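*Asks:* Here is the input, now give the coordinates:
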Amino acid sequence: MEDYDIFNEMNNIQNRKCIMMFEDDENFIANNILNKDFELIPFRLSYDLSNHSTKYIENTKELFAYYYNDKNSYKNELLRLKKHFVHYRRFPFIVYIPKSIENFETLYKMFIDLNIECVFNKEQFLKKINNDEKLILIDSDDTLRKSDGNISERTKNVITQLKKQKYHIVVCTARPRYHALKVSQEINGDEFLVSSNGAEIYDIQNKTILSNTFIEKKDIYLLIDYAQKHNLRFILTTDNIEYVTKDIRNNNQKLIDLNKYKQQLSNINIKQCMFIDKNQEEIEKAKEYVMNYNSLNIVNEIKEDDFYEEKWFSIGSINSSKGNALKFLADYLNIPIKNTIAIGDDKNDISMLQASGFSVAMENSTIDVKSIADYVILSNNLDGVALFLEKILNSIIE
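*Replies:* Numbers count the residues shown, from 1 in each chain. Alright, predicted model coming up:
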């Protein structure tokens, strides 16, 4: 498919105003939705409209409502909903359903399976459907940064221009906050940043942590014991410091006292860990060990085609991911998911690409990343990110 087709389709998705809403407040709908720039699909549980006023029924009678049948099987009801969208050639990007509604869990799953964003609060729903801001999360290493660690002036310039067009450009990296902050400042990025594979979301302007996900302390102690027993280098990421079992390599790292580490870390929360060592065989064994813990998640590991002397993999809480970070920021900024873009190259970016409204993989990405992306751009060393963002900027200006 040609480039212009991709970007026209992306613009169509962004400009589409078809929404779906459960009718629990006819005054809210009448005052904020009807006769506005929205195409509403009323969501109803019954054909009985006796709870609605005559005026409201008159104003909504021409709308093609969807009536949920709770006596139907999940599979058939899902199919009915799909057919409704196809028949009327409308696909809502967002739906309001209150958590108090009967059969909420089933309905929520149905909408999620159809990749429709669910909102549970009417006021937030209104803010999102009226918000034309955009959110772009971009990975750092091998995406924003070239293989030599540099970021091109071309990339920096287009980011500055997009920020003037209501785009939030957020660095989203596996690295700790201190590193993510340097990258964000270098590109003149947004006031927010995502570090430690989504374990922390930070407000730079107000110097405030918006969201944290930690690894349980009991798991931390077991991992340190394992690293010590097998003489592996082990890194633990906190707010802005990394604790290491051996080999300090920068001013933001501190050595763990392996004789008193429980006392040393008793009041410190760990966002992410990493096993990294030259001993590839022991690294593989450590990975197998970690996979036995249901509370832990291997969020990333060295690419198979990388020939670095050291091998590594990163560990986070089972609830920590770049995808969850994207959803959090979109909610925090009241930006609908359809207005989000994710750009990445590695396994830890997959959740972010899957959660976004439009997903972009680098040419230097792993095969599994490319396979789930909506679009593949040139490699990090050929200014792929800059070229992609320039296309977006040009489509806005034109």
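*Asks:* Tell me how many other residues crowd Gln272.
*Replies:* Neighbours of Gln272 under the rule other C-beta atoms under 10 Å: 28. Backbone N, C-alpha and C define where each C-beta goes, glycine included.
*Asks:* go on, Asn76?
*Replies:* Asn76, neighbours per other C-beta under 10 Å, totals 10.
*Asks:* element containing it?
*Replies:* Secondary structure from DSSP states H and E places Asn76 in helix 74-88.
*Asks:* Can you list the neighbours in contact with that helix?
*Replies:* The contact list for helix 74-88 (C-beta atoms under 8 Å, 6 or more residues apart in numbering) reads 41, 64, 66, 68-69, 72, 91-92, 106, 109-110, 113-114.
*Asks:* List the buried residues in that helix.
*Replies:* By 16 or more other C-beta atoms under 10 Å, the buried positions in helix 74-88 come out as Glu77, Leu78, Leu81, His84, Phe85.
*Asks:* Specify the residue positioned farthest from the middle of the chain.
*Replies:* Distance from the centre of the chain peaks at Thr54, with 43.2 Å (C-alpha atoms, centre = their mean).
*Asks:* re earlier: report the rounded mean pLDDT for the helix holding Asn76.
*Replies:* Throughout helix 74-88, pLDDT has a mean value of 95.
*Asks:* Run the chain-centre distance for it.
*Replies:* Relative to the centre of its chain, helix 74-88 is centred 27 Å away, using C-alpha atoms, centre = their mean, to the nearest Å.
*Asks:* Centre of the chain to whichever strand or helix holds Ile341, how far?
*Replies:* If you go by DSSP H and E, Ile341 is part of strand 340-344. On the basis of C-alpha atoms, centre = their mean, strand 340-344 sits 8 Å off its chain's mean C-alpha point.
*Asks:* List the contacts of it.
*Replies:* 134-139, 143, 172, 322, 326, 330, 349-350, 352-353, 355-362, 365, 369, 377, 385, 388.
*Asks:* re the thing from before, what is the subsequent helix or strand relative to the helix holding Asn76?
*Replies:* Toward the C-terminus from helix 74-88 - assigned by DSSP H and E - lies strand 94-96.
*Asks:* got the contact list for that following strand?
*Replies:* Counting by C-beta under 8 Å, 6+ apart, 19-22, 43, 111, 116-120, 122, 125, 128-129, 336-338 sit against strand 94-96.
*Asks:* can you rerun that using 10 Å?
*Replies:* For strand 94-96, the surrounding residues in contact (C-beta atoms under 10 Å, 6 or more residues apart in numbering) are 17-25, 28-29, 33, 41, 43, 66, 107-108, 110-111, 114, 116-122, 124-126, 128-129, 336-338.
*Asks:* gap between Phe38 and Asn72?
*Replies:* Phe38 is 28 Å from Asn72, where distance means C-beta to C-beta, to the nearest Å.
*Asks:* Please look at Thr143 and Asn348 and confirm they touch.
*Replies:* No - with contact defined as C-beta atoms under 10 Å, Thr143 does not count as touching Asn348 (11.2 Å).
*Asks:* Give me the common contacts of the two.
*Replies:* Cys172, Thr173.
*Asks:* Got the phi and psi for Val119?
*Replies:* According to degrees, to the nearest 10, the main-chain angles of Val119 amount to phi -130, psi 140.
*Asks:* Alright, I will stop here.
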